[in-house]
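Novice: structure here, sequence nowhere to be found:
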């Protein structure tokens, strides 16, 4: 703490403390008081987490008094009983009970186990509406309803046995799907019965949930709604700081398939963040670029409301997470314009496959955003970069990235030509395109190596572009595939 | 610092400062004063590190005055000369001199170079006693006295030469063992002679130690004792904060073989820890769950004393690190119930190998904890989870993990069936089961990939369960082993 | 904040605040005021970053008043117009305009886009002079002017096609080189024309820069100077804290080729740093070992000015980054004494290759520092370690490292003997030594695995020495190379 801070605090002390003491604080509802009276000792971690949240000290009525840009609620009104009390256990866990298959009688109250986006919608309508459009909301169906991706999931996760000199694959189990792919993509939670729980007040019955616990972004909830707000605003503190720090994104956006977090860490943005973050203001809304924070985190570029020192908007908040992106660097199997619609399983390419590109890199244009939309989004992102970087810097950076997409796509095409050659020559069996060594090398080319280079290009991570799953492996994998093909040809 | 904090500090200031000023502070002993008078300039880093420790301001007498749960000493009494002075250089480095082969005459004092668990035992009896039972204390012998593990160590670490189209292995050197396997497992430190050291006061002689420096958890010290407290309470600050943060565990519990730290980082617990940890209280004893900290670190689940907001004990402190665990997810080669005894080299399975399971996954039951003991430990751990998570959540989580152990064990069995096939068909030579490519692939199946999935299941790390050393590689490795076997058969 | 801190702050408050208020603060120049008047809204991030810098509150005149060891400027005088004003936009971006091909007319001022080491030299002469001698300053030419390294760069980064059952390599593009190898090594920035930029004040023209943006350490700037200070003192805060924290080094010193950062993280030094760093003083000059910080970061061992608690110098500041090192653990292809000169492309070994060692590990002695110089540097480094570690510890540690260099060199030699055997038997084609699977395995032996073990030995990272790119892979790679050679012989 330096001298200036000290003076500031000393002066603030007299004013702020009086203000604080004279404001009427909203109260918890009697129902929430009831919840806390037991759960304070049964699940003390949940209660104390909630006590640190803004929910525990603010009412909807107070929250709507804030100036427009400072608001954290977007609904204009809420039912009367929710307006003046703080947002406690009962306020959230009792909403829309009629839709909740997980609702149960609990000491005189009708309680939902799972709070869903449709419940959060009560106060945060705009955010939930945006989110519903995103690929995130549909992340489970994106895997499940797409036979190609389902085959990859099932082939990867099924137990294999060895008998008669053959590998015999079994189907993947729910448990394993849920803690791997569906851990991020979400599960479909169903009520499958009841379980008995012993408490100090005697045995009680609660609904038994299947495919739970899960906080994947595309979770399908017992009320039929899509998504999981807790994926980024975890547990009961609903902290904006947590959502803004890249560690939150880390859980799912990790190497080797989506190395966004790793590359952010390696980037200059990430280096500076890691050193300086304790000095930044993580709770301010709106978030003042260069003042509250100095280098962007994932949230800053992808969805936060950013303003400059004068309060001018640099970018608007969005919970449709792909909406600022002009291109999808995550190759399937090639990079491509962002899909128009979050339900990517509806895509059909020229080969009638539910993929945004064919194996020869022909885009399924009809399902992807137009060149104009791409240019608009790109220029908005360039504007954001321009807050800290000059024109030369920004334009050259984006030119370089365009070239990288083109080159990595070519390296995927070469691997695809190799595997196609092998399939044609019967060196591998296309029936399941994911279950042989050569095929798995091909998958790694687009899913691990090309993706690494592209994310590294987007965020400036020289090592991930070069040696760490980057060009070194893009190139070595071509050598290795070719080596194996030559061997298989000789063995034939 | 917010206003409330400021008020609190301002009020505290007047009271606490008076209290502090009127308490009699314990002094350093004259011997320690002597140590410091030279070492302040010779090894300034050590002295200033110690000055930040509780040892430097507290005496044993003061420490025993604390209420039971706040106590950091567990011995009930200590020799008179140690009671009233702070715990300085001399107090620790002169203990049990008669047992210390590394004791030497040093400017009129008899000093031990290495402070051992047996010395720490003077004040921290319970902790040392518990530790002696753990696998950690025996970690060196666990490798050295087990011929299977010794062969793996030696095969991996020995220099290889290439001559006459053959690979010729040499034995691993002490130096290389010490900075790899024994870096974590510990070395046996012996006194091998004397070395001369030039000082400002003339040349002095000090004992020459072999296999030093080392802070592995199973270190055998020059006084014959087992273990190294400094592994987790490093250097001279003996900080409980350091021991409680996961970075301390990171040094040894890293991917690819024991990816505990990496998966913690990826987990929601780890994400929240990383963002919020600066706001938590790391020095409080006992550690109040939900109040001092919000998500568990390694220490919280594995050994810390935890209480709730009312001071009720949630879990007792233990320095026998496996004692809360019902299962050992680290496969050798399969997952298995925790061993009864830290000296795992005493285990003999049905095939007379010193392994907790046979290659066909028959457990060496006699040496492993019983089903009842497993259930007891599991329910205690579930109780801990229940502080923040509901019943549905916790029971389903543990069910999922049981299934994962079963499935990963099957994937290890499949790899074992493949290598056995190759051994039987003379495609590989079983004499040394670790020195051929195919055998090394088999090792990776249980040591890297199955372990990754299991740790990921225990702590919720979807990426480590899926693509990062997880199911992708469990599956691909089966394809690759089979591919190589087919090739070796054709080449025959 | 404890009580002692509070008393100290309270007392300091009255004195320091008076002092602060009565000191004449230097002003920004009128030119810089002009810059800020527009750029505050055009590039708000840059301006607010600069406002947090020492540059924004200090003049050269003030900076030279500091006691010798506290000084952050090393030049003895500067042009009159720079002396009394703070170091603002114009002060740096207008220097040596005549040398800058990127200088342009900008609203009445002559502005350089890129500020180069030669410009920083105005105030920081010693640092720039030292830096010019380092390998860092010549990092671009080290790659470009060395045909062996150029071939590796080009082979790795070029797009490959597959046609007629052959892999056809193309040349690497500038864009890809710039975001991979040259991302760290630096690019040569040239002015290639003009671009038009639309502003609120109408269209303006600025020079178009090629191979920009780039902050690689060996960047060749539009004024012909070598190097990039912003690589470690990024953007406009020029923070010494950022330069001292290891995250800054992370961007380029990452696994698998240079795993310095990863191993630091794993080391005890790194574990303690990560837990305790928020409590340390990162801005103090000189940096007091054991008081301002407790465990070294990269900067502490490699270039910072360190003093003990009494202000005695432990090590002098140096911006010639290799100058404290006696050995180069980064194998090319073997470890070797540090080169005498930063321009390593001038080296010629006995085989007439521009490498510090031959493939049989004969050192190019003439270009490498002498045994005496090695011993001098080594004993200086040992002195630094001795601030916190005893003699036994330090001498044994360095002995162990010597042995590791010898053993890892042998493991590289074995891989080299294998590839030489394959080249001689025409199992691989030496024409391009980097483009076949077997050759790429050989590269990984020295570039990934041997380097990992050596860095792990230097910094104590048991996992990187053992399983994570360490001995496990050094050994497995020998098995795999031999396996492939035997296969290629059979297929012949």
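Specialist: Cool, the structure landed. What you are looking at is a predicted structure, and each value in this text was computed from that prediction instead of being measured. Numbering: from 1, shown residues only, chains lettered A, B, ... in the order given.
Novice: rest of the way, CA atoms for contacts and neighbours
Specialist: OK.
Novice: can I assume residue A:358 is in contact with residue A:348?
Specialist: No. Counting by C-alpha atoms under 8 Å, residue A:358 does not reach residue A:348; the two are 9.5 Å apart.
Novice: quickly list what's touching both of those two.
Specialist: Residues within reach of residue A:358 and of residue A:348 at once, by C-alpha atoms under 8 Å, 6 or more residues apart in numbering or on different chains, are residue A:364.
Novice: now the strands for chain A?
Specialist: A:103-106, A:109-112, A:160-163, A:166-169, A:191-199, A:202-209, A:287-288, A:306-307, A:313-315, A:327-328, A:336-337 (DSSP state E).
Novice: show me what contacts residue A:137?
Specialist: Applying C-alpha under 8 Å, 6+ apart, the residues contacting residue A:137 are A:131, A:217-219, A:226-228, A:342.
Novice: separation between it and chain B?
Specialist: Counting by C-alpha to the nearest C-alpha, to the nearest Å, the separation of residue A:137 from chain B is 18 Å.
Novice: I'd guessed residue A:479 sits against residue C:435; true?
Specialist: Yes. Taking C-alpha under 8 Å as the definition, residue A:479 is a contact partner of residue C:435 at 7.3 Å.
Novice: can you say which of the strands of chain A is nearest to residue C:193?
Specialist: strand A:327-328 (29.1 Å; C-alpha to C-alpha).
Novice: circling back to that earlier point, among the strands of chain A, which is nearest residue B:290?
Specialist: Nearest to residue B:290, of the strands of chain A and by C-alpha to C-alpha, is strand A:191-199 at 21.0 Å.
Novice: for chain C, what are the nearby residues on the stretch 301-450 of chain A?
Specialist: A:308-309, A:386-393, A:396-397, A:400, A:403-404, A:407, A:410-411, A:414, A:417-418 (C-alpha under 8 Å from any C-alpha of the partner chain).
Novice: and the contacts of stretch A:412-425?
Specialist: A:333-334, A:359-361, A:428-430, A:438-439, A:442, A:445-446, A:450, A:478, A:481-482, A:485, C:160-162.
Novice: chain center to that stretch: distance?
Specialist: Taking C-alpha atoms, centre = their mean, to the nearest Å, one finds the center of stretch A:412-425 at 33 Å from the center of the full chain.
Novice: may I see the buried residues of it?
Specialist: Residues A:412-423 are the ones in stretch A:412-425 that count as buried (16 or more other C-alpha atoms under 10 Å in any protein chain shown).
Novice: just the closest of those to chain C, please.
Specialist: Nearest to chain C among those is residue A:414, at 5.4 Å by C-alpha to the nearest C-alpha.
Novice: pLDDT of stretch A:198-214, averaged?
Specialist: Rounded to a whole number, the mean pLDDT of stretch A:198-214 is 94.
Novice: ends of it, what's the gap?
Specialist: 24 Å (C-alpha to C-alpha, to the nearest Å).
Novice: stretch A:231-242 now?
Specialist: 11 Å.
Novice: what's in contact with that stretch?
Specialist: In contact with stretch A:231-242 (C-alpha under 8 Å, 6+ apart) are residues A:46-47, A:49-55, A:215-217, A:230, A:243, A:248-249, A:282-283, B:268, B:272, B:275-276.
Novice: tell me the buried residues within the residues you listed.
Specialist: For the contacts of stretch A:231-242, buried by 16+ other C-alpha under 10 Å: A:46-47, A:49-55, A:215-217, A:230, A:243, A:248-249, A:282, B:268, B:272, B:275-276.
Novice: so which of the contacts of stretch A:231-242 sit within helices?
Specialist: A:46-47, A:49-51, A:243, A:248-249, B:268, B:272, B:275-276 (DSSP state H).
Novice: between the residues you listed, which is nearest residue B:79?
Specialist: residue B:276 (42.7 Å).
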